[in-house]
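# Quick one, structure for this:
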Amino acid sequence: MLNGRQTMKRFQSFFNSLVTIIALAGCASLAAAAPIDELVAAARKEGVIEFLAPSTFGPQGAQSLAEAFNRKYNLNIRLNYSPSSNMVGDVTKVLTHAAAGAPPEWDLMVVTDAHHASLWVRKLHQPFDYRKLGVGPQSIQYDNGTVVAANQFVLPAYNKNILPPKDVPKSWEDLLDPKWKGGKLGMSTATHHPARLAAGAWGEKKTTEFVKSLAKQELTLGTLGALYTRLQVGEILVLVTLTDSYINTAKKSGAPIVHAEGIEPVISPAYNAGVPKRAPHPNVGHLFAAFLITPEAQEIWEKYNGQTSAFIPGTRAYKYVQGKKVLHMTQDQAEMVDRLTREYGKILGF
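The predicted structure follows:
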């Protein structure tokens, strides 16, 4: 049996160990908190963010994000929203500015992973260690250059009030049927969509043959926004690829535009948030990029643009991909997708 002195010694030893553990835990918490505290302080000094995001997100969505961001970090950042309806053109602007030695127009660009690939291969991101802010590795791409904010889902689309159910495509290959020839199919400038098939399930040879055959269908060409409008009025019958951003817009407005569900693989471009090199306000940009994967930001993005991240368990996107063949582009496929996006653009007539 232990005497009173031995009991006291053991208690003192246990107490000292407990104090040490608590102290170490406190230090760890402080260490984890320090990077975000420093970034918040730096962001506060910058005071503004030039924010490029999809046009489908809208000014109200951008304002809601700004309010939630300021509330979360106790800031008063002014957000200037630039709607993007032509991401190819927006990336080209950044490339042109960089070539001229001028800073980019935006502090944070939310465009697809394929468009960010064009910046990454040219080393035009301003990297940041997002893991220090609690961002998981699956949500970080391009050597710490971007954060995956949300996932799109891309399939052929049609007007359900015009196209009979028997004519709805059941596979990607159905788009090569001669009945679609003569401008009945719309193809957008988003040629990175078929390029993803090449990098993923189909391989380059099969996909290139598919794109060449598609070009022989005498496609109606244009931006996604313009073709979405033409699909509504019946000027085209099927849009070869349409993002679910527009499907979400159709649901809100009551437009009869729907995806040809059941086709696989489902192409899933990611909306990546990245700070371009030499951005005027990089600290706000990095903090905002990390903010986009928080529950409050995911809720706002889903409300206004219809998407969430497929890499965050419990989100609508995460649930949607379960059991489906879905193509997520990886960093090691970026150069191939970037190259084929340009090649397929030429083949298709852009």
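# for stretch 45-59, which positions count as buried?
Buried residues in stretch 45-59, counted by 16 or more other C-beta atoms under 10 Å: 46, 49-58. For every residue, glycine as well, the C-beta is placed using N, CA and C.
# Could you list which of those belong to strands?
Secondary structure assignment by DSSP state E places 49-54 of those in strands.
# Flag whichever of those residues scores worst on pLDDT.
Minimum pLDDT across these is recorded for Pro54, with 93.
# Surely that one touches Tyr271?
Yes. Applying C-beta atoms under 8 Å, one finds Pro54 in contact with Tyr271, separated by 7.2 Å.
# Now do the domain split for the chain, please.
Per the record, the chain has its domains at 38-152+269-330, 154-267, by automatic domain parsing.
# Need the overlap of contacts for Pro54 and Tyr271.
When C-beta atoms under 8 Å, 6 or more residues apart in numbering defines a contact, the residues bordering Pro54 and Tyr271 alike are 110-111.
# how about the residue nearest in space to the middle of the chain, what does it touch?
Centroid-nearest residue in the chain, with C-alpha atoms, centre = their mean: Tyr271, separated by 0.8 Å. Tyr271 is in contact with 54, 110-113, 148-152, 307, counting by C-beta under 8 Å, 6+ apart.
# could you dump the residues you listed to CSV with secondary structure and distance to Pro165?
Shown next, in CSV, are the contacts of Tyr271 (DSSP: H, G, I helix; E, B strand; the rest coil; distance: C-beta to C-beta, whole Å):
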residue, secondary structure, distance to Pro165
Pro54, strand, 30
Val110, strand, 36
Val111, strand, 35
Thr112, strand, 31
Asp113, helix, 34
Val148, strand, 35
Ala149, strand, 35
Ala150, strand, 31
Asn151, strand, 28
Gln152, coil, 25
Gln307, coil, 27
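# what about the helices in the stretch 101-250 of the chain?
For the stretch 101-250 of the chain, the helices defined by DSSP state H, counting those that start in this stretch cover 113-120, 192-199, 204-215, 224-232, 244-253.
# Dump the buried residues of stretch 45-59 into TSV; add distance to Gly200 as well.
Below are the buried residues of stretch 45-59 laid out as TSV (distance: C-beta to C-beta, whole Å):
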residue	distance to Gly200
Glu46	39
Ile49	34
Glu50	33
Phe51	30
Leu52	27
Ala53	26
Pro54	23
Ser55	27
Thr56	25
Phe57	27
Gly58	31
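# For the closest residue to Gly234 other than its chain neighbours, which residues are in contact?
Using C-beta to C-beta, 6 or more residues apart in numbering and skipping the chain neighbours, the partner closest in space to Gly234 is Ile162 (5.1 Å). Contact analysis of Ile162 by C-beta under 8 Å, 6+ apart lists 234, 237, 256.
# and if we set it to 10 Å?
By C-beta atoms under 10 Å, 6 or more residues apart in numbering, Ile162 lies in contact with 231-234, 236-237, 256.
# Please, a ChimeraX command that selects the buried ones among the residues you listed?
Selection command for ChimeraX covering only the buried members of the contacts of Ile162, criterion 16+ other C-beta under 10 Å:
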select :231,232,236,237
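# nearest to Pro104, of the contacts of Ile162?
Leu231 (32.9 Å; C-beta to C-beta).
# Distance check, that closest one against Pro256.
9 Å (C-beta to C-beta, to the nearest Å).
# what touches both of the two?
158-159, 162-163, 250.
# will you turn the residues you listed into a markdown table that also has pLDDT and distance to Asn283?
Below are the shared contacts of Leu231 and Pro256 laid out as a markdown table (pLDDT from 0 to 100; distance: C-beta to C-beta, whole Å):
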| residue | pLDDT | distance to Asn283 |
| --- | --- | --- |
| Tyr158 | 98 | 45 |
| Asn159 | 98 | 46 |
| Ile162 | 97 | 50 |
| Leu163 | 98 | 49 |
| Ala250 | 95 | 38 |
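# And those residues, which of them are buried?
Members of these classed as buried by 16+ other C-beta under 10 Å are 158-159, 163, 250.
# could you dump those residues to a markdown table with distance to Asp332?
As requested, those are exported to a markdown table (distance: C-beta to C-beta, whole Å):
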| residue | distance to Asp332 |
| --- | --- |
| Tyr158 | 34 |
| Asn159 | 38 |
| Leu163 | 38 |
| Ala250 | 35 |
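# which two in those are spaced the farthest apart?
Taking C-beta to C-beta, no two of these sit farther apart than Leu163 and Ala250, at 14.2 Å.
# quick revisit: now tabulate the helices of the stretch 101-250 of the chain in TSV and tack on distance to Gly285.
Below are those laid out as TSV (distance: least, C-beta to C-beta, whole Å):
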stretch	distance to Gly285
helix 113-120	13
helix 192-199	23
helix 204-215	34
helix 224-232	26
helix 244-253	22
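# what sits against Val258?
155, 157-161, 163, 168, 242, 247, 250-251.
# and with 6 Å instead?
Contacts for Val258 (C-beta atoms under 6 Å, 6 or more residues apart in numbering) come out as Lys160.
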